[in-house]
Structures are given as C-alpha cells and as structure tokens.
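*Asks:* A predicted structure for the sequence below; I have some questions about it.
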Amino acid sequence: MTTTRELTLKTEPFVLNIGPVHPSTHGVYRMRCTLDGEVVVDIEPVFGYLHRGIEKLAEERTYTGFIPLTDRLDYISPMSNNLGYCMAVEKLAGIKVPERAEYIRVIMAELQRLANHCIAVGSMLNDAGAYFTPFMYTFRERERIVDLFDMVCGQRLTYNYMRIGGVSQDIPGEFLPALHKLVDRLTIFIEEYENLLKLNEILLARAKGVGILEKDTAINCGISGPVARASGIKWDIRRNDPYSIYDRFEFDIPTCENGDCYDRYRVRIEEMRQSLRILQQAMKQVPKGPVKADVPHLIRPPAGEAYAHIEAPKGELGYYIVSDNSIAPYRCHIRPTSLINLAALRQMVKGWKVADLIIIFGSIDITMGEVDR
Amino acid sequence: MAIFDSALIQPLAMQVTPPDWPGGYWWHWLFFTVAIIAFVLIMVMGAIYLERRGMGRMQSRLGPNRTGPFGLLQPVADAVKVLLKENIVPTTADKIVHWLAPVVAFAPVLVIFAVVPFQNGAMLADLNIGILYVVAVSSIATVGVFMAGWGSGNKYSLLGAMRNVAAVVSYEIPMVLAIVGVVIVSGSLSMNQIVTGQDIPYILVQPLGFLIFFIAACAEINRSPFDLMEADSELTAGFHTEYSGMKFAMFYLVEYAEAIAMSAIIATLFLSGWRGPWLPPWLWFIIKTFVVFFVMVWTRTTLPRVRIDQLMGLAWKFLFPLALINLFVTAIQVVVWPDISQWIFVIVNIAIAAVLILLWSKFFKLGQGRVEV
Amino acid sequence: MKFERYGIGIIKGMAVTIKHLLRHPTVTQFPDQRLNISRRSRGNELIWSREKCTGCATCAKTCPQGAIEIVTSTNMAENKYEVETYRVDTGYCIQCGLCVEACPYDALFMGYSYERAKYRRAELVQSNDELLESPSRPASGYFHPEIAETLPKQTLLVEKIVEKRKKK
C-alpha cells in the first residue's frame, strides 16, 4: 500500500500556500502545505477569514432576532441551523411544539439534507476533476429543492423559517403535491447520478483508499455526520438521541467500513435515499393544526442553560445557550460541524499528493461560514 | 471554399514531388502557409464553440448563445476581450522567459499542420517521414509550457509545468509505438500515403493502437482526464496562472490548436483521413477531425482527473506493454500473412484488444499512492 | 476469475452525459424568460402603509439589524401618535421579514419586486413616501395570505420537468 522514499532522490520540501482564494477551498480556507514535490508532508490550516462574531452577535439580539443570523452560519443548510437553534431555546423555555410544526420541521430538515448532500457530492466530484458535470447535475436538483423552500418562506438561501415554538408560516396548499413530485424526481435522479460516476474507474482510483480516516481517530477528533459514518461509526443523533419526531420514522443509518473518500461519497448518496424515505413517510402523516405554539415575540426564557443538538447534514450541530431571564441570550455557543470535522484533516492528507489533498478536503464537506462563524 | 477544388490544388500539389524549384514551389508554400494559418484559427474557433456548446448541453445548460446567431461569435468576442486586457507580469517572474513562452508553445502547433493532408496531396509538404516529423515537432510545445511554468515564478505554475513534462515524456513512448503499428500496416511514414493505403479505416485494423494513441494524445495535449497541468481545482490554472491578456490568449489558442492537430492526426491515421464517399475530401477531413474532437469534449465532460502517479502508471504499466504487444502482433500479421484479406485481421485484432484490456485491468489496483513522510 | 474495472464505469458515465446532450436544457434565460417568483417572496424593499401604521415601533424593536428608524410625535388634538419619519436602510436590511411578522397592525409588507439595485449608496436609505406601495413596488404575500392569493402562482421547476417528461 505504501512506498518509502528511501530509494528515490534526495529532495527538499517547500511551502505551497493553498487559499484563502482558491477554486476548491470552498470559501476562504487557507492551507499552508509543506510539499515534497507533489507529496504533502504537512499542512497547517489557517482560518478565520470569514469570522463575523456570530456568537457575540447573539448576545446583542433578541432570541427571535438571532434566527436570521443562524442562516448565515452554514449557508448551505440554513434550515438545519434554524432548527438547532430553535430547539435549544425551546428546551430552555420549556415550549411544546405543535404536531404539525414538528412534521413541517422534519420535512424541511430532510429536504435540507438532500440539498446539502447535493452540493457536497457535486463539489467533491468537481474537486476530483470532473469538469462541472456532476456539479451541474446536483445543482439542477438542488434548485428544485430550493424552489420549495422559496415557496414556504419566500427566500432561496437565507430561509429564516423556523421560529421558537414552531415555524413562521403554514405551508401553502400547493406545497405537498409539489413535494410529492420532487421526491419522485429525486429518486430517478439519484439512480442516474449513480450511473454517472459510481463505478467510474478513474474516480475509484482517485477516491478509493485515499484519505483514510481511522475509526479511532474519528472518535478522538469528535468527528460526526457522514464523515464519521463512512469510517464505520454508527452514530446518528436522529437515532441515538431522537429529537423532534424522528422516532416515528423508519430509516436506516448507512455506514461504510473503510473511511476513505469514496465511502464518504457513498454514505452521502445513501443518506439521500434515506432522507427520501423519511420524506415519503412524513408527507403522508402531516396532521392538521396550528404551526406555532403560543410564544411571545420577545421571549424571556427562565435563567438557566440548555444544549440542543441535531443531526445536521454535515454532522452534529449543537447550540448551547445560557439565559439570564432577559430578552437576549447571555451566552450562545455553537458547536460547528464543519470546524470539528476539519480536525482530522492533517492526519488524513499526510503522505498523499496535492491532488488527493483537494479531494480529501472536498470529501469532508465544510462550509466556511460555519468554520469561522 | 472553391479554393480547395481539386482543379486548383492538384497541379500545385503534383509539383511538390519533385518540387519545381524555385517557381511553383513558392506559390505552393505561400498558399498553404496562409491556408494553414487560416484553417487553424477558424478550426480553433469552431472547436471552442463546439466545446462550450456541446459541454453546456451535456451539463443540461445551453452554453453561450447570445453573441451572434446561436452564439457563433462567442469565440470572437472572447478573443477581442482578452486582447484588450492588461498584460500583467509578476515581479518575481523571469521576464524574458515569461514573454517568450507563449511563442515557443504556439509555433510547433502550427508547424504540425504542414504535413497533414487535407486532400490527396493537398498539404504544405508531403514529407516521406511525415508522421515521424509530427512526433518530433509536437512535443516542442512542452518546452514552451515549461518555460511558462518556470518563468512565472509561481509554485502552482511550476507544479503544473513539471507535471506536463513528466506526462509528455512518458506518453511519447506508447504514442510512437501505436503509430508504428499503423506504419507497419500501411508500409509508409508519409501521411498522404497512409491515407491512400487505408481501404479499411485503421481504427478497425488497429483498434488497440487507436485506443492507445487516443489516450496518449489526450495526455500529451492535456485534455481531460489528463489535464493535470492546468488542473483548475488543484493548481488554479496550472502553468498559465500568471498569464493574462494576449499571452493568455496564445496559450488558450495553443490548447485548442493542439487538440485540433491531434484530432486531425487521429483522423488521418485511423479514420482514413480525407477519404470518404459523396462529400468532397477536405470536408470529410474536417468532419472527421471534429468527430474526434467531439469525443475529446465528451470525455472531458464526463471523467474526473487522474492523479500524477496514476498518469505515469497508466503510461508505463498499461499503455506501454499493450503497445508493445500490439506492435508485435501487427508485425507478425504483416510479415507472415501479407496476402490475406485485412478483414480477418480486423476481427482478430478486435478480439486481441478486448482480451488484452480485460487481462491488464487485473493489474489496476486501487488505494495506492501514499508515501510515508 | 473476476474481471472488473475494465472501463464499464466510464462507458456508463459517458452514456449519461450523451443522453443529456439530447435532452432539453433545464436553464431559464433570465432577462427574456422569467419564472414567477414565490408568492411569499421577501424582496429587498420594505413596503409601509402610512394609514395603518400607528407608530408603535415594534418593527424597529424586532429588527435584528436595527435598520428601521421611526420618529413619532404626539398629536394632542386627535389624541394619537403621528409618524414623522419612517426610514429603512435597505443596505443594512437582511430581508429576514421579522418586522412584517411582528407588526401588530399589518402595516408592513415585504416587497414582491426584484432587480431593485441602486446606483448610489445613499439611495438605499428609503423613507416615508418612498416606502409606500406603488405599481412598481407591489407587496408580497409574506405573512399576508390575503395578498398571496392575488399574486400569480409560483413557477415550480419540479412541475416543469415532470410536464416535459409526460409530453414525451
């Protein structure tokens, strides 16, 4: 599997700066790579270029007023961010969410997972060098998902849809039929997408066995989400610590053994299938009723603290909120998925080539808005 | 295009062997020099248009369609835009080398067309070692690319240039061996005579040779999946990262002119060049060139990029032995059974090619390439 | 003896791309072809109703960005507040729609129009009459279902593709 360099020429390492502005750093991430020829000897991640102090901003805003800012954290999947934050505040204030709102939330969160994995898979394959084709196909499908978000909340990127105690508005009448069509369409799409590159020899050569993340390393680094599941850790908060109404649905947690880039790709595709399964069950069961609990606009939760975590598309997303019985959080800490998933990047890329560095980095699926907050 | 009428060209072409020195020779030289430059520029524009539109449609987009009818003038608009751009030379660049590189890269590409027959005998110089000349000249462009990489004073450029040199040096060998197969069958090194002797297109007689030549040509001119030297997701733009304005336009032109040159050579060697029923020969030649180029566009749209060590491995472990075996088999066929119908060889060779590819696929191992550091 | 990885995956992938060549592209050419935007669209301009506004400033309190400025004075004769200035800095506005949600008198609406870019930064600050509803600045149905009913139905890309498939 590995070759030593004893027999080769004596070489000298040099430093290559990848980022902050680079086509495949997914934002403004910077890696100071020490390279020996093409081989990555060491990397030193540098981030913070997108730091906006969102945790501090939370202390300056009302509980509701912070929801639009959570959209800006992981801007690929704002619905999940909204959900995580609202759940933390609901836990703090002891609010019961109406049934219909729970179903709408689950539908939105799963659609968001589909949209996120569309981008994750597409951009990973784009990093592998498939010239924008997989990216275009997934973006086409994401566009259709985003269309439905647009219908319910009026915007395409920063949804700001969940509210403390429910969701902001009820879904319009044409939503569920459209969702039905979307689920059908996505099922066809995933099949076709699998044909495009699943067995492609070049992708196999590029991704299989590359950037292996060992199970132990993954656990020690606190890695969660599809990256951890690709390493064989069967950890999904929807199952292990069921929140909302996820205990009512039937779905599997896909895992793989090797923990290489290809497995991360496979896990994401499988998760998309499972999300479709959840959607199919959820849209049949949506009950009638109110979509928002009776919560005042300026909510004052009792003094205390609460931590709520959800299975965001990228992994475990947690919100820790301390309240001092005022209209604004005393402290809000966000457990960002992307930042913690990046923790093992150095172990993963050491010894691989520059080209592998890019695809490994792409396979982790990060959003800089969440890394730097 | 009445200028390509045989009445006009044939007398001129006939005078080439023996050349009517100095009289008609110079008219012939002037006419074909102008024709080749015009041909290359027009074909490059056609190629850019075909690539962008074709790729757009394959990615379920439209491609450029605003400039002129069907967007036909898009390459012109791009050329005008790029000519008006500022010429930026980095401070750390080696000014002279940086300036000279596009010229050195561009000249050999034009020179290749000197021996490409557009029609029976319609070529600038019917060299009796035409194909050898092509092999010798086509790799000079690499010098220009390496000059660009070195002269830019940029590590991305240098990495890209090093990759290109490595690729070209390796892929010359299988490429030449594949050509030798054709040369043995046709019994001539002259491009025109190879075409004249092609009663059955050599793609059928030499299926393996065609495959090897196509792959090696893709690698040599850095078309995807071997576009490592300008791998946009890894090295931003590879060797021409630091080029702008007219110099960048030159590199862009070189990229497509090389692709056209290789398509033309493949059309000549394997697709029976200008031969074909009903249509005039020069049109057949252009159609075949574009068909080959379209296959290149198609692969570029679909396939991910290979890694540098896989690129080398493919050349030395896969293409090189297969090319040798192909050469050996062809030699035996030509020497031992010189008189029997070539259609028997067509079937035999296709079977041999299939078996060899199947056998050699066993050597294709995954998950390699990690170096202990 | 099992043979694999001899190019079948590449051929499959290439079949997918060539199929797309023959399909209808899914893009919309924007300035010529326009899709209907969402009825609840949160466009980038706020629409304010002078008649309904009582000057309670709930919107200003709710705004997470502090983009709304409202100056009121007391009208002793009629015993009510009078709004002197209602100013929104749309440059600061993040179109979250919380003000519309919070307004107890339904005096605020999100804008339905788009392509409202300005040439000067100062033009982004809009106040009083500039904020009123007009034919060029229709109100959106965000939090106003009665307006949403009147707006054209949103073009859904999902429905578009399914219709095309059925035609085939």
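*Replies:* Okay, I see it.
*Asks:* Every contact and neighbour count from this point should use C-alpha atoms.
*Replies:* OK.
*Asks:* Can you pull up the most central residue in chain A?
*Replies:* By C-alpha atoms, centre = their mean, the mean C-alpha position of chain A lies nearest to residue A:314, the distance being 2.5 Å.
*Asks:* quick one, what contacts residue B:201?
*Replies:* Applying C-alpha atoms under 8 Å, 6 or more residues apart in numbering or on different chains to residue B:201 gives the contacts B:270-272.
*Asks:* can you redo those as JSON lines with pLDDT, neighbour count and distance to chain C?
*Replies:* As requested, the contacts of residue B:201 are arranged in JSON lines below (pLDDT from 0 to 100; neighbours: other C-alpha atoms under 10 Å in any protein chain shown; distance: C-alpha to the nearest C-alpha, whole Å):
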{"residue": "B:270", "pLDDT": "85", "neighbour count": "25", "distance to chain C": "21"}
{"residue": "B:271", "pLDDT": "84", "neighbour count": "24", "distance to chain C": "21"}
{"residue": "B:272", "pLDDT": "80", "neighbour count": "23", "distance to chain C": "25"}
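*Asks:* Tabulate those residues (JSON lines), appending secondary structure and distance to chain A.
*Replies:* Output for the contacts of residue B:201, formatted as JSON lines (DSSP: H, G, I helix; E, B strand; the rest coil; distance: C-alpha to the nearest C-alpha, whole Å):
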{"residue": "B:270", "secondary structure": "helix", "distance to chain A": "26"}
{"residue": "B:271", "secondary structure": "coil", "distance to chain A": "27"}
{"residue": "B:272", "secondary structure": "coil", "distance to chain A": "31"}
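*Asks:* Tell me the one of those residues nearest residue C:131?
*Replies:* Distance to residue C:131, by C-alpha to C-alpha, is smallest for residue B:271 among the contacts of residue B:201, at 69.1 Å.
*Asks:* any idea how far the closest one is from residue B:317?
*Replies:* 27 Å (C-alpha to C-alpha, to the nearest Å).
*Asks:* Ok, residue B:310 next?
*Replies:* From residue B:310 to residue B:317 the distance is 10 Å (C-alpha to C-alpha).
*Asks:* between those two, who's got more neighbours?
*Replies:* With neighbours defined as other C-alpha atoms under 10 Å in any protein chain shown, residue B:310 and residue B:317 compare such that residue B:310 has more, 20 against 14.
*Asks:* Shouldn't the more buried one be within a strand?
*Replies:* No. Counting by DSSP: H, G, I helix; E, B strand; the rest coil, residue B:310 is not part of a strand but helix.
*Asks:* Pull the contacting residues for it.
*Replies:* Residue B:310 makes contact with residue A:205, according to C-alpha under 8 Å, 6+ apart.
*Asks:* Kindly recompute the last result at 10 Å.
*Replies:* Neighbouring residues of residue B:310 by C-alpha atoms under 10 Å, 6 or more residues apart in numbering or on different chains: A:202, A:205-206, B:226, B:316-317, B:364, B:366, B:368-369.
*Asks:* Among these, which are located in strands?
*Replies:* Of those, none are assigned to strands by DSSP state E.
*Asks:* So in chain C, where's the weakest helix or strand by average pLDDT?
*Replies:* Within chain C, no helix or strand scores below helix C:157-167, which has a mean of 57 by mean pLDDT, DSSP states H and E.
*Asks:* Which parts of chain C are helices?
*Replies:* Using DSSP state H, the helices of chain C run over C:8-22, C:58-62, C:98-102, C:145-150, C:157-167.
*Asks:* which of those helices sits most buried?
*Replies:* helix C:98-102 (a mean of 22; mean count of other C-alpha atoms under 10 Å in any protein chain shown).
*Asks:* what's the average pLDDT for that helix?
*Replies:* In this model, helix C:98-102 has a mean pLDDT of 86.
*Asks:* same thing with stretch A:58-76?
*Replies:* On average, stretch A:58-76 scores 87.
*Asks:* where along chain A do the strands fall?
*Replies:* A:2-3, A:14-18, A:30-36, A:39-46, A:162-163, A:166-167, A:304-312, A:315-323, A:331-335.
*Asks:* I'd say residue B:285 and residue B:269 touch.
*Replies:* No. When contacts are counted by C-alpha atoms under 10 Å, residue B:285 is not listed as touching residue B:269 (11.4 Å).
*Asks:* Would you mark the buried spots in the lengthiest strand in chain C?
*Replies:* Secondary structure assigned by DSSP E gives strand C:80-89 as the longest strand of chain C. By 16 or more other C-alpha atoms under 10 Å in any protein chain shown, the buried positions in strand C:80-89 come out as C:81-83, C:86-89.
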